[in-house]
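Q: Sequence and predicted model, in that order:
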Amino acid sequence: MIGVVDYKAGNLKSVDSALSHLGAEFLISDKPEELLRCDKMIFPGVGEAKSAMEVLKSSGLGQAVREFALSGKPLLGICLGAQIVFDSSEERQTECLGIIPGKVKRFSSQMGLKVPHMGWNTIEHNNINLFKGVKQNSSFYFVHSYYIEAQSQGNIAASCEYGLNFTAAAVKDNILACQFHPEKSGEAGLQLLDNFLKLY
């Protein structure tokens, strides 16, 4: 059973549609005890880091995500959910969950590119199991004004160019974090989600 974290900041409809399409057994829940009983966790999110962290702290869901990450069971963070598993975000100077070492920084408006980075962009990945069957330079869908800067090169699973080279996906043991939206990224995104369903 896959638990999808509902903390009022998730792109839940598209995640629901993608998992249903893949025939996955899942539940969407805002109850920590239900989510902790699941075999895998998806931690989606859109919106603003500070307000999301406030909800996570007050509801106990942030602690549940931390506990799940430490349990060794597969956890997939998406977009804001991917950013929140890092140490901190420049978005209103937010302290995050600190599960993967690194920071979340804002794209500079001085790059001459539109912020947010929005739409399709290609990634280069390092062939971990999550990307099995996903061709190099496949396109994924992004919507973000802030980007992940993983502290260790060893945690970078995929990278993307948008004015600078940033971490498009990160990995640490059982934890995976995707800045892009696999559930909105067509066949390549569905392949990635299917790979996640088949982990362990």
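A: Noted; the coordinates are in hand. Numbers count the residues shown, from 1 in each chain.

Q: how many neighbours does residue 7 have?
A: 24 (other C-beta atoms under 10 Å). In this view, the C-beta of every residue, glycine as well, is placed from N, C-alpha and C.

Q: from memory it sits against residue 45, does it?
A: Yes. Counting by C-beta atoms under 8 Å, residue 7 touches residue 45, with 7.4 Å between them.

Q: Touching both of the two, which residues are there?
A: Shared contacts of residue 7 and residue 45, defined by C-beta atoms under 8 Å, 6 or more residues apart in numbering, comprise residue 52.

Q: Just list the residues touching residue 21, thanks.
A: Per C-beta under 8 Å, 6+ apart, neighbours of residue 21: residue 190.

Q: Kindly provide the distance from it to residue 12.
A: Look at residue 21 and residue 12: by C-beta to C-beta, to the nearest Å, they are 15 Å apart.

Q: got it, and residue 119?
A: 22 Å.

Q: So residue 20: helix, strand or coil?
A: Judged by DSSP: H, G, I helix; E, B strand; the rest coil, the three-state class of residue 20 is helix.

Q: Could you report the pLDDT at it?
A: As predicted, residue 20 sits at a pLDDT of 98.

Q: Can you get me a residue count around it?
A: So residue 20, with other C-beta under 10 Å, has 10 neighbours.

Q: Adjust the sequence numbering to begin at 21 for everything that follows.
A: Done: numbering now begins at 21, and the last item shifts to residue 40.

Q: residues touching it, list them.
A: Residue 40 makes contact with no residue, according to C-beta under 8 Å, 6+ apart.

Q: again, but for residue 158
A: 142-143, 208.

Q: Helices of the protein, start to end?
A: Using DSSP state H, the helices of the chain run over residues 32-41, 52-56, 69-79, 81-91, 100-104, 206-218.
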